[in-house]
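Student: quick one: sequence and predicted model below, then my questions.
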Amino acid sequence: MIVYLATMDDYQAWLDFTERVLPIFGIELSTDEGYQKALEKNIRRGTAFCIKADDAPDRKIIGGMLLSPTQKPVYQIGWFAVDKDFMHRGIGTTLFKFMMTRIEPPAEVFVDTFTASDPHGISARNFYAKMGMVPAEIIEGDFPHGRQCQIYRKKLEAFEPMV
C-alpha cells in the first residue's frame, strides 16, 4: 500500500472520493466552496495524503487525509476518510502512520470527531484510540453531524538521542 502526496491531477478524483464517503459525514462537501479551497490548499502545500486502489483501472482514491500544520507545533487532522468498500484493510492505519512521519516532535496532533452519544462515530473513535489518541474536550457548536464533537489528541515527545 502506497501513500501518495495528492497533486492537482488528483483533484477531481479526490472530489469523487469525497462523494463516495459523503454518508459518513452527513454533509455535501464535494460541492462546498470552503472544502474545495481547503483541499486545493492542502494539495499545494503537500499535506493532502491519499491511497489509490491498485486493482481499479482508474486507480480511484480509496483513502484520504488533510493535515493542517498552520499552528505548529499543534497539527489538526482536518479531514480523514476511507471508502466504506475498503475499510478494515489497514488503509486508515497506513495513512495515519504516514502522517506521523510528517510531524517533527515535540508536537501535538488533534482531530474532531463524533461524540460517544453518536453511533456513527463508533468506528472513528475506536480507530483514534487504537492510534494512541486520547479523548479530550467536547466542543459545542453547530456541526453537520450534531451539536457536539469530541476532540482526540496525541502528544509526540521529542526523540531522545542515542547514547
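Tutor: Okay, I see it.
Student: hey, let's count contacts and neighbours off CA atoms from now on
Tutor: Noted.
Student: this structure: strands as residue ranges?
Tutor: Secondary structure of the chain (DSSP state E): strands at 3-5, 48-52, 61-71, 74-82, 107-113, 134-143, 146-156.
Student: most packed of those strands?
Tutor: With neighbours defined as mean count of other C-alpha atoms under 10 Å, these peak in mean count at strand 48-52, which reaches a mean of 23.
Student: contact partners of that strand?
Tutor: Residues outside strand 48-52 that contact it (C-alpha atoms under 8 Å, 6 or more residues apart in numbering): 1-6, 39, 42, 59-67, 91, 95, 99.
Student: still on that earlier bit, what's the least confident stretch among the strands of the chain?
Tutor: Among the strands of the chain, strand 134-143 carries the lowest mean pLDDT, a mean of 84.
Student: elements contacting that one?
Tutor: strand 146-156 (3 or more C-alpha pairs under 8 Å, 6 or more residues apart in numbering; DSSP states H and E).
Student: orientation of the strand it packs on relative to strand 74-82 in degrees?
Tutor: 120 degrees (axes from the mean of the first three to the mean of the last three C-alpha atoms, to 10 degrees).
Student: in its sheet, which strands sit next to strand 146-156, and in what direction?
Tutor: Strand pairing for strand 146-156, using DSSP bridges, gives strand 107-113 (antiparallel), strand 134-143 (antiparallel).
Student: how near is the residue nearest the centre of the chain to V111?
Tutor: The centroid of the chain falls nearest to F80 when counting by C-alpha atoms, centre = their mean (2.2 Å). According to C-alpha to C-alpha, to the nearest Å, F80 stands 9 Å off from V111.
Student: can you check G132 too?
Tutor: Remark: distance between G132 and V111 (C-alpha to C-alpha) = 12 Å.
Student: Q36 too?
Tutor: In this view, Q36 and V111 are 19 Å apart by C-alpha to C-alpha.
Student: isn't the residue nearest to the centre of the chain right up against G64?
Tutor: Yes. Assessed by C-alpha atoms under 8 Å, F80 is found in contact with G64 at 5.7 Å.
Student: just the buried positions in the helix ranked longest in the chain, please.
Tutor: Of all the elements of type helix in the chain, the one with the most residues (DSSP state H) is helix 11-25. Buried residues in helix 11-25, defined by neighbour count with 16 or more other C-alpha atoms under 10 Å: 13-15, 17-22, 25.
Student: and stretch 84-102, by the same measure?
Tutor: For stretch 84-102, a neighbour-count test (16+ other C-alpha under 10 Å) marks 91-92, 94-96, 99 as buried.
Student: now do the same end-to-end measure for it.
Tutor: End-to-end distance for stretch 84-102: 26 Å, by C-alpha to C-alpha.
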